[in-house]
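>>> this one's sequence-less:
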């Protein structure tokens, strides 16, 4: 027994907000039986991952040990916890467990890849448990900004681990279970070895507010509106969508859901019984035919996403509907850092139309789904773990959370992605480092973040691209003149002649002077031509382009 | 006289924060004599302008009328007001007027282009004026986050216009002139036709705070620090740099300025006499040799700029200095929307080093340089103009500012870039629309934002790039096989063969089957080859790449 150990290894989510993916193991070193908690994605951006469709954790470590993987547990149905299930499931093949709403969403993701929905087993809440190898795992309900979010109670021969998932302490969450302090205390009673705990809001100094606290403000806002009302929030925030819809209903407005994700989430919530009394909705066609003051649209795109309903309305028209002077657009959401530009763009577009935009600045129409700093302290004190392990956060969040736990007398440690900890009674200990990273979904192919593919795209975007073609004949002599094609560079340079002409002239001179040894050697010739193109382009326009050289040899 | 008019035409800054550029004119329609206020830049980003070095207004309208341009006035030395002077001066050629500190900075920018510093005339403050054509223009001191910021009092035969420039109402600005309410009231006394007014902070509901209000908090923070202290702010905020340096000095620390812009601004302030008692500074070499608790670094890079001192320290080392566990890094600045990712990146890098980061979240270590909503009301009421014209802001700011002015009984109008207004006693009237836009500095060349050059770069970044070379011999027959080169795309596709092989096979088959008429027609052949490449790439990897086809014909 003494040679066995309980390990924790984050592959994603510990070093970023998003892309959650955590491994637990129990057994003799390097023979541990494993479970995986969450398979999330994060989203690409033009700065670091242009053209990429989705970002997910690099799970090669786990793939190489999949014979030891007992099961996969999904805490809740946010994309950063369930989004990679469809893309990565076949690499692991272990059974997936989730509660009904989450399972519904996970099955939809598997279906997109033609995978069987039997890969997912719907699991009841704690005290029911799933026994897998040395683990017994239960889904402990907790409030969050999506239905049926759950912590995991992971019992092992080394003791109990509570993995909170994302959470807040909400006594009145509108949809789904309220935070049940007594239930959580009963889980803590036998003793908790480690509390692995959400860190995203550790810098927010005030206690979190309940989902129910904003319903009146939203209702007042909608009832005072004179023309059409449009509201956006995260589609998965079913409670918020309900609050918004009910505010519309109370104001005598017909409610219309717009955007695929919005309809998908409400459908899943109804199908799984977590949502029972949602107001009747109308189609966009019907909405277009009603007087504007009788309509409320609930739309996707709270983050300014270019293809979502909100951005399309900002561009002019969506599903036959157009916003006008005097309409109201409500962001019942916060802007995730990094998305500001997209959101500001559509706000200005609405401003040009005369649409009044109301956002979260004053905190009246949105509350966070995550535990703030005082709520984290409450959770630590309630669970009294031997160890607090901060998870789900950037490094700054993890570090601050660890400091907070330590200031209240708990052992804690910052374990970013790739750090394998053992969780012994004596405390957390770093057992090793695993190579982790990011996998990109690019079109339909999974590529590595460090493969150089995206780096090449970024370089073309920054530097432009010059392509050179030269032909060498059977005698090893240049045939005709070199050709240049240019993309993403100024057409004319300093000499006021076309850049292409300046390049071709210099290349032609070079080829005429080149020694036979150079002309025979592809690598050398390519290097020389590239150098010449970069020099001439730098002289002409002040940029050093990417260069592709094609040498065609006639045989 | 009745046929003459006073016009206002923003070419930049009215529809964005940044890139300020405003034309005033007086005379008969289309014969107005003109002056230009400010020649600013804004900064590129990867989303919209990858690889671009700087963004400035498209001034073609003014260039075509430069024989009517009397003079250029620069309100203050922030990049978004003076940054385009070096790049655009030669297109206009009119004399530039500015106060001493601003003139110092403007001359430096002209010198970078080898232009004479005599283009800039140093001008004393109001009541001195510059008389140019029908205009008499005075520099009216106003507080802002840079020395010698000035409003312009523009007297015309149609009356007085006050162009505020960027401003705040600060009675104790540390460096430079305090806001002098009596002086401003005296300027207003004869009557103001139009107040053209900064809008950037119209959404901030509380009155602005003085620069002096944060000195004590900063001093306390620095004096309590145990190891090295590093602080960043905008280099041009000379008052803040002074406050920070004095806090270091009081805590017994030697102060070191790091980053070119930081040294340049302090030098300009000393040279022009606006800064007289700045603490003695030491070199980075000396800083490296002192005990860390005796050092305070003041560094550039408050916006997370990749090449600035802060980012380099976050990457490991700068000028021989390295940060360590227990050091303190202070952002005495706010993050400009859009720059969050860069700032968060360095905060996390510091977190990994164990450096404690303090930022502006609680408002204790930074105050804004712009007038907040109540300050704008104060300004409107002080100046009692016939018309309030909101300038410097995105559309949402301009619109909100116009509403605010109207709610207090002023005539107002939203005039974004390109809208020409006449400012008659009866009120503002739209006289026409001028085509405006953005000019990019790309390497050393000025290109148009809509030239397609940057669009091509963005497309390569999103889609990757395939280059195809085919050779057609003297008889119009394909010679050898087509070549493909691929950049920024997955090397292997769905068929598990290299993408290049799949492409070359399909291209070869196509060339073998192609009709002579197709092979003779460059445009048709190129179109067919491009279509084929896109189809095969979509099949193989799910992406539609950019394609460049090179057809070499042997003559």
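The structure has been received and is ready for your questions. These figures come from a predicted structure and were not determined experimentally.
>>> Need phi/psi at residue A:200.
Taking degrees, to the nearest 10, you get phi -60, psi -30 for the backbone angles of residue A:200.
>>> and if you look at residue A:72?
Backbone torsions of residue A:72, given as degrees, to the nearest 10, read phi -120, psi 130.
>>> Beta-bridge partners for it, please?
residue A:36, residue A:96 (DSSP bridges).
>>> So for it, what pLDDT did the model give?
pLDDT, residue A:72: 98.
>>> what's the answer for residue A:2, then?
Residue A:2 carries a pLDDT value of 58.
>>> Give the burial count for the residue of the stretch 51-200 of chain A found nearest chain B, as a bare number.
Residue of the stretch 51-200 of chain A nearest chain B, by Cβ to the nearest Cβ: residue A:51 (4.0 Å). All C-beta atoms are positioned from the backbone trio N, CA, C, and that covers glycine. Using other Cβ atoms under 10 Å in any protein chain shown, residue A:51 is surrounded by 25 other residues.
>>> is it fair to say it lies in a strand?
No: using DSSP: H, G, I helix; E, B strand; the rest coil, the secondary structure at residue A:51 is coil, not a strand.
>>> hang on, it packs against residue B:461?
Yes: the criterion here is Cβ atoms under 8 Å, and residue A:51 meets it with residue B:461 at 6.0 Å.
>>> Residue A:31 versus residue A:126, what's the distance?
For residue A:126, the distance to residue A:31 equals 29 Å [Cβ to Cβ, to the nearest Å].
>>> those strands in the stretch 251-400 of chain A, which residues are they?
Using DSSP state E, counting those that start in this stretch, the strands of the stretch 251-400 of chain A run over A:254-258, A:295-299, A:328-331, A:356-358, A:385-391.
>>> To clarify, my last question referred to the stretch 101-250 of chain A.
Along the stretch 101-250 of chain A, the segments classed as strands by DSSP E, counting those that start in this stretch run A:120-122, A:129-132, A:135-141, A:150-156, A:159-163, A:192-198, A:229-232.
>>> Comparing those, which comes out most buried?
Most buried of the strands of the stretch 101-250 of chain A, by mean neighbour count (mean count of other Cβ atoms under 10 Å in any protein chain shown): strand A:229-232, with a mean of 28.
>>> I'd like to know which elements that one is packed against.
Applying 3 or more Cβ pairs under 8 Å, 6 or more residues apart in numbering or on different chains; DSSP states H and E, we find strand A:229-232 packed against helix A:215-224, strand A:295-299, helix A:309-315, strand A:328-331.
>>> tell me the angle of the first one relative to strand A:295-299?
For the pair helix A:215-224 and strand A:295-299, the angle between their directions (axes from the mean of the first three to the mean of the last three Cα atoms, to 10 degrees) equals 130 degrees.
>>> quick one: buried residues of helix A:215-224?
Neighbour-count burial for helix A:215-224, counted by 16 or more other Cβ atoms under 10 Å in any protein chain shown, picks out A:215, A:217-219, A:221-222.
>>> any idea of the mean pLDDT in that helix?
Computed over helix A:215-224, the mean pLDDT rounds to 96.
>>> go on, the shortest one?
The predicted model gives strand A:328-331 an average pLDDT of 98.
>>> Just the pLDDT at the closest residue in space to residue A:261 that isn't next to it in sequence, thanks.
Among residues not flanking residue A:261 along the chain, residue A:235 sits closest, at 3.9 Å (Cβ to Cβ, 6 or more residues apart in numbering or on different chains). On pLDDT, residue A:235 comes in at 96.
>>> I'd assumed residue A:268 was in contact with residue A:235.
No: the criterion here is Cβ under 8 Å, and residue A:235 misses it with residue A:268 at 10.2 Å.
>>> Overlap of the contact sets of these two?
Where contact means Cβ atoms under 8 Å, 6 or more residues apart in numbering or on different chains, no residue is in contact with each of residue A:235 and residue A:268.
>>> Could you dump the strands of the stretch 101-250 of chain A into TSV and include distance to residue B:135?
Listed next are these as TSV, based on distance: least, Cβ to Cβ, whole Å:
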stretch	distance to residue B:135
strand A:120-122	74
strand A:129-132	81
strand A:135-141	72
strand A:150-156	70
strand A:159-163	70
strand A:192-198	62
strand A:229-232	46
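>>> Let me have those strands in CSV, extended by mean pLDDT and distance to residue A:38.
Listed next are these as CSV, based on pLDDT from 0 to 100; distance: least, Cβ to Cβ, whole Å:
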stretch, mean pLDDT, distance to residue A:38
strand A:120-122, 98, 14
strand A:129-132, 98, 15
strand A:135-141, 98, 13
strand A:150-156, 98, 9
strand A:159-163, 98, 9
strand A:192-198, 98, 11
strand A:229-232, 98, 26
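>>> and the residue of the stretch 151-300 of chain A at minimum distance from chain B, what are its phi and psi?
With Cβ to the nearest Cβ, the shortest gap between the stretch 151-300 of chain A and chain B falls at residue A:203, namely 7.1 Å. Main-chain dihedrals, residue A:203, degrees, to the nearest 10: phi -90, psi 0.
>>> what's the nearest residue to it if we skip its chain neighbours?
Nearest residue to residue A:203 in three dimensions, chain neighbours excluded: residue A:400, at 6.4 Å (Cβ to Cβ, 6+ apart).
>>> What of residue A:271?
Of all residues beyond its chain neighbours, the one nearest residue A:271 is residue A:104 (6.1 Å), with distances taken as Cβ to Cβ, 6+ apart.
>>> Next: residue A:47.
In space, and not counting its chain neighbours, residue A:47 is closest to residue B:46: 4.5 Å by Cβ to Cβ, 6+ apart.
>>> and that neighbour, helix, strand or coil?
coil.
>>> Now for the residue nearest to residue A:272 when sequence neighbours are not counted, how many residues are close by?
Of all residues not flanking residue A:272 in the chain, residue A:100 sits nearest, at 4.2 Å (Cβ to Cβ, 6+ apart). Residues contacting residue A:100 under the criterion other Cβ under 10 Å number 17.
>>> List the contacts of residue A:100.
Taking Cβ under 8 Å, 6+ apart, we find residue A:100 in contact with A:122, A:148, A:272-274.
>>> Show the pLDDT at it.
Residue A:100 is given a pLDDT of 97.
>>> same deal with the one 4 residues further on?
Note for residue A:104: predicted pLDDT of 97.
>>> hang on, it packs against residue A:268?
Yes: counting by Cβ under 8 Å, residue A:268 is a contact partner of residue A:104 at 4.5 Å.
>>> what do those two both touch?
Common neighbours of residue A:104 and residue A:268 (Cβ under 8 Å, 6+ apart) are residue A:77.
>>> Can you get me a residue count around residue A:182?
Residue A:182 has 7 neighbours, counted by other Cβ under 10 Å.
>>> ugh, wrong one, I meant residue A:324
11.
>>> on that earlier part again, identify whichever of the strands of the stretch 101-250 of chain A lies nearest to residue A:69.
For the strands of the stretch 101-250 of chain A, the distance to residue A:69 is smallest for strand A:129-132, at 9.6 Å, taking Cβ to Cβ.
>>> Pretty sure residue A:545 sits against residue A:536.
No: if you go by Cβ under 8 Å, residue A:545 and residue A:536 don't touch, sitting 9.9 Å apart.
>>> Name the residue in these two with the higher neighbour count.
Counted by other Cβ under 10 Å, residue A:545 and residue A:536 do not tie: residue A:545 has more neighbours, with 28 against 22.
>>> In the stretch 451-555 of chain A, what residue comes closest to chain B?
Using Cβ to the nearest Cβ, the closest approach of the stretch 451-555 of chain A to chain B is made by residue A:542 at 3.0 Å.
>>> ok so, going back, for the residue of the stretch 51-200 of chain A closest to chain B, give me the backbone phi and psi.
With angles defined as degrees, to the nearest 10, residue A:51 sits at phi 80, psi -10.
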